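Participant: coords please:
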Amino acid sequence: MLTLEFSAGDLARSRFARSPLWEVVTSIESLKDPGRHALHLSWARDTRDRLAADRIRLPLLTTLVPVPAAYVPDFLTPVPASGEPTLEDEIDRLLRTGPEAVRADLDRISTPLAPEVLELYEAPARGLARLADEIRAYWECALAPHWPRIVRLLDGEILRRGRLIARGGTEALFADLHPSVGWDNGVLRVAHPGYEASRALNGGQGLVLIPSVFVWPGVFSQSTPPAQPGLVYPARGIGTLWERGSTPVPQAVAGVLGRSRALLLTILGTPASTTELAERTGMPTPTVSHHLTALRAAGLAVSHRAGRSVLYLRTELAEQLLGPAGGPQEDGA
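Facilitator: Take a look at the predicted model:
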């Protein structure tokens, strides 16, 4: 159990961030243990085929990410320093890790070090450069083709959490973050099996919340002082990333709004862009835009700009209209 005690200053400085490097690490887990990460099975099959076809080998990266991942070196999973770092931003930070920090992290590995990791231990600068090359090769093959859609989902998750804070404050933010996470009277508890630690954040550092696609179904934390702590948790709507089937539409709502608008509202339990909605529904983009305009005018959907995208999300009025029929879209996957 990890326990984090918050002051008022910590709450004020807590923030959200995306992390390409965290997606690299957690997606390696999905590849190595697809049974536990069933939502990503189609992605894992395609990625294995591409890695094999391109003859991409990742001996150091895959060794540093064990399954089960009781511990991944902190230098490979830094808490993002900004809200939207690029992969190269995080690789640059990785390459600037000092030799002492590299060896200290590797000393925390409880099993004998593999030959590739021993080489990193003995020559950190050279080993980190090799690791960076493996990360770049893996990224281009496995994640870059999907990254725009992943970003839209993560931005939508941040938008959704912002609405929860507006409705119910910090308690609402953490209430359904993850089954392993609990919030009570300024104390955040994360149930990590076999791990015990307590930390008071009275320095006003706050917590970085990092929504992730590939961390599902688990939750990770980074809380080694003096670095700012981070919590990596599954974003809502992950199952929609690779889905191929159709979305069930509540017939009663379709009878009132029409099937197309009822379908859009059902999907908008998690935020999505016009382009993504067109891809998922098969409707032309102008048609989707027309329906979204009508849903906004009726108070059933709202829009929010996230970077270059405009994301849409159904409102509380739409939630009441859909009732239990809209529930599954609100569940994480």
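Participant: Correct me if wrong: residue 157 contacts residue 211.
Facilitator: Yes - with contact defined as Cβ atoms under 8 Å, residue 157 counts as touching residue 211 (4.3 Å). To be clear about C-beta, it is placed using only N, CA and C from the backbone, and glycine gets the same treatment.
Participant: what touches both of those two?
Facilitator: Taking Cβ atoms under 8 Å, 6 or more residues apart in numbering as the criterion, residue 157 and residue 211 both touch residue 235.
Participant: Residue 188 belongs to a strand, doesn't it?
Facilitator: Yes - inclusion of residue 188 in a strand is indicated when DSSP: H, G, I helix; E, B strand; the rest coil is applied.
Participant: Now do the same for it: its pLDDT.
Facilitator: Per-residue pLDDT puts residue 188 at 91.
Participant: out of everything not next to it in sequence, what's closest to it?
Facilitator: residue 4 (4.5 Å; Cβ to Cβ, 6 or more residues apart in numbering).
Participant: which intervals of the protein have sub-threshold pLDDT?
Facilitator: For the chain, the stretches flagged by pLDDT under 70 are 202-203, 243-248, 307, 324-333.
Participant: Now do the strands in it.
Facilitator: Assigned by DSSP state E, the strands in the chain fall at 2-5, 15-16, 181-184, 187-190, 197-200, 208-212, 220-222, 230-234, 272-273, 301-306, 309-314.
Participant: what does the third one contact?
Facilitator: If I follow you right, that is strand 181-184. In contact with strand 181-184 (Cβ under 8 Å, 6+ apart) are residues 170, 171, 173, 174, 175, 188, 189, 190, 191, 219, 231, 233.
Participant: same thing but at 6 Å, please
Facilitator: Outside of strand 181-184, the residues within contact range by Cβ atoms under 6 Å, 6 or more residues apart in numbering are 171, 174, 189, 190.
Participant: What is the nearest of those to residue 61?
Facilitator: Residue 61 lies nearest to residue 190 out of the contacts of strand 181-184, by Cβ to Cβ, at 25.7 Å.
Participant: OK, contacts around the closest one?
Facilitator: Listed by Cβ under 6 Å, 6+ apart, the contact partners of residue 190 are 2, 180, 181, 221.
Participant: Looking at neighbours, which among these is most surrounded?
Facilitator: Using other Cβ atoms under 10 Å as the neighbour test, the contacts of residue 190 are led by residue 221, with 22 neighbours.
Participant: Distance of residue 13 relative to residue 19?
Facilitator: For residue 13, the distance to residue 19 equals 18 Å [Cβ to Cβ, to the nearest Å].
Participant: Neighbour count for the two, which is higher?
Facilitator: Neighbours per residue (other Cβ under 10 Å) separate residue 13 from residue 19, with residue 19 holding more: 25 against 17.
Participant: Count residues in the vicinity of the residue nearest to that one when sequence neighbours are not counted, would you?
Facilitator: Leaving aside its sequence neighbours, residue 19 sits nearest to residue 80 (Cβ to Cβ, 6+ apart; 4.8 Å). Residues lying near residue 80 (other Cβ under 10 Å) number 22.
Participant: Go ahead and confirm residue 80 touches residue 21.
Facilitator: No - in this structure, residue 80 is not within contact of residue 21 by Cβ atoms under 6 Å, at 8.3 Å.
Participant: leaving aside the residues next to it on the chain, what's closest to the spatially most central residue of the chain?
Facilitator: The centroid of the chain falls nearest to residue 212 when counting by Cα atoms, centre = their mean (0.8 Å). Nearest non-adjacent residue to residue 212, counting by Cβ to Cβ, 6+ apart: residue 232, 5.1 Å away.
Participant: likewise residue 224?
Facilitator: Leaving aside its chain neighbours, residue 224 sits nearest to residue 74 (5.9 Å; criterion: Cβ to Cβ, 6+ apart).
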